[in-house]
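Undergrad: Model the following, please.
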Amino acid sequence: MPTSLHRTLVPLTFTLLATPIAMANEPLRITGSRLNDSQAPIFTTFTEATGIPVELVTLTMDELAEAMASEAEPPVDVIMVVDSSNIHAQVEAGWFQPFESEWIETRVPEALRNLEAGWSGYATRARVIYVNPDKLDWTPQSYEALADQRLTGQLCLGSGRSPYNVSLMSSMVLHHGEAEAERWARALVANLAQPTGGRDGELLRAVAEPGDCAVTVANHYYYLRMLESADEAERALAEQLELVWPNQEGEGLDGRGAYRNVAGFGMARGTPRAEAALRFLEHTAADEVQQDVAAGIFYPVVAEVGEANAQRRLGAARMDPASMSELGEHAEAARALLEKVNWQ
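TA: Have a look, this model is predicted:
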C-alpha cells in the first residue's frame, strides 16, 4: 500500500471562523489510546464552535491497523498520534491522508507537524534526567553523560521496547550516527542497577526511595503529577528528586536542548468527513485549546498562548529543535540497536 507521503494533497483550507457545515449533525469519529472523556474541553469547545458532535471510538491498535489496511471506509475520521516512532510507522502504513491548512502552518512549528503526511501536533512532552542527589556525588548534565562509568550500578531505565525510549534512541542516532549511538546505549546498559523495565512513575519512585537506583530518564509529566499530587506521600517522594534539563550548556550538540516528543492528531485516510476532520485539526491549534494544554501537565505547541504550567513548576529549558519526522525516520535503526545492545 502506498504511503500517504506519496498521495496528492487534498485541497482543504478552512478556518474556525466558517459557519457550521451541512453535515454538522453527523458526529466526527475520533480514536486514540489516551482518549476516554468525550466532555474534555478540546471536544466540547469544538462542538460549541462548529455544531459538530464528537464520538470517541474505542479501538485497540491491532483493530485499528486491520481496519486501516482494508479498502473499506475507515472506522474513524481522526486518529490521535503519540510519539514520533509511532507516527512514522502509521504514516508508512498509510493511515493518514495529507491536507492543507494555512492556519496550522502559521500556528504550529514545522518540527511538530507534517501536513503532507497527514498529521499535526497538539502538545509536547520532554524526556529528561532525574537524580537523587543524596545517592550521588556527581550529576550528569547531558544524555551523553549517562554513559559515564561513574554511574555504574546506579542507572535505572524503562524497556527498550517503549516508544519513548525508541524515540530517545532515534534522537541519538540522528545527532551522533548509528555507531556512536550504539556505543552510548551499550554504556547505559553497562551502568544499569537492575534489569530494564517499569513505567516512568515506577522508575521515579525507585530513584526517590532507598535502593541502588540513583538516576533515571522519564517524561516530565510523571514528575509534575507527583509534585501536584493530592497525596502527601507522592509529593514527598518528588521532593527527593532533582530534575536535570539535559544539554542546556555549550556549543553544538552539547547545548542542543532537551529531547521532546509530540502528541497530535491525524486525518484518517479515506474519511468521508475530511472537511469536519480538518476543522477539528485546526481547532487543536486554537488559543482556547492551547491554553487548556498549557494549564495542564504538557507543553502547548503554540508559543503565543503564554507560559505553561510545566514551565512555571519545572523551570524554563531549551528544547531540541529536531523535527518529529526526522526522528521517526530513524526509529527502525533505533529499535535494531536497542535489541543489539540488549536494552530489552
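
Undergrad: Identify the residues contacting Ala322.
TA: Ala322 makes contact with 111, 171, 174-175, 256, 259 under the criterion C-beta atoms under 8 Å, 6 or more residues apart in numbering. The C-beta positions use only the backbone N, C-alpha and C, and glycine is treated the same way.

Undergrad: could you redo the last one with a cut-off of 7 Å?
TA: The contact partners of Ala322, by C-beta atoms under 7 Å, 6 or more residues apart in numbering, come to 111, 171, 174.

Undergrad: Now, those residues that are in strands?
TA: Of these, none are assigned to strands by DSSP state E.

Undergrad: Pick the one among the residues you listed closest to Val207.
TA: Nearest to Val207 among the contacts of Ala322 is Ser171, at 22.0 Å by C-beta to C-beta.

Undergrad: you'd agree the closest one is up against Tyr259?
TA: Yes. Using C-beta atoms under 7 Å, Ser171 makes contact with Tyr259 at a distance of 4.9 Å.

Undergrad: most neighbours, which of the contacts of Ala322?
TA: Counting neighbours by other C-beta atoms under 10 Å, Ser171 leads these with 23 neighbours.

Undergrad: Let me know the pLDDT of that residue.
TA: We have a pLDDT of 98 for Ser171.

Undergrad: Equivalent analysis for Met61, please.
TA: On pLDDT, Met61 comes in at 88.

Undergrad: same deal with Glu182?
TA: As summarised for this prediction, Glu182 has a pLDDT of 98.

Undergrad: Check Glu26 too.
TA: Looking at Glu26, its pLDDT stands at 89.

Undergrad: OK, contacts around it?
TA: By C-beta under 7 Å, 6+ apart, Glu26 lies in contact with Arg273.

Undergrad: coming back round to it: joint contacts of Ser171 and Tyr259?
TA: Applying C-beta under 7 Å, 6+ apart, one finds that Ser171 and Tyr259 are jointly contacted by Asp320.

Undergrad: just checking, which of the contacts of Ala322 belong to helices?
TA: If you go by DSSP state H, the contacts of Ala322 have 171, 174 in helices.

Undergrad: Export the contacts of Ala322 to CSV and append columns for distance to Ala40.
TA: Formatted as CSV, the contacts of Ala322 follow (distance: C-beta to C-beta, whole Å):
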residue, distance to Ala40
Ala111, 26
Ser171, 30
Leu174, 33
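
Undergrad: ok, so of the contacts of Ala322, who is nearest Pro195?
TA: Minimum distance to Pro195 across these is 23.6 Å, recorded for Ser171 (C-beta to C-beta).

Undergrad: Pull the contacting residues for the closest one.
TA: Going by C-beta under 7 Å, 6+ apart, the list of residues near Ser171 reads 259, 320, 322, 327.

Undergrad: Just the ones of these in helices?
TA: Residues of these located in helices (DSSP H): Leu327.

Undergrad: CA atoms only for the helix or strand of the chain with the lowest mean pLDDT - export them in PDB, please.
TA: One helix or strand of the chain scores below all others by mean pLDDT, DSSP states H and E: helix 61-69, with a mean of 91. Output in PDB follows, covering the C-alpha atoms of helix 61-69 (Å, rounded to 0.1, in the frame of the first residue of the first chain):
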ATOM      1  CA  MET A  61      -4.100  -0.700  17.900                       C
ATOM      2  CA  ASP A  62      -4.500  -4.100  16.200                       C
ATOM      3  CA  GLU A  63      -8.100  -3.400  15.400                       C
ATOM      4  CA  LEU A  64      -7.300   0.000  14.000                       C
ATOM      5  CA  ALA A  65      -4.400  -1.400  12.000                       C
ATOM      6  CA  GLU A  66      -6.600  -4.100  10.500                       C
ATOM      7  CA  ALA A  67      -9.300  -1.600   9.600                       C
ATOM      8  CA  MET A  68      -6.900   0.900   8.100                       C
ATOM      9  CA  ALA A  69      -5.200  -1.800   6.000                       C
END
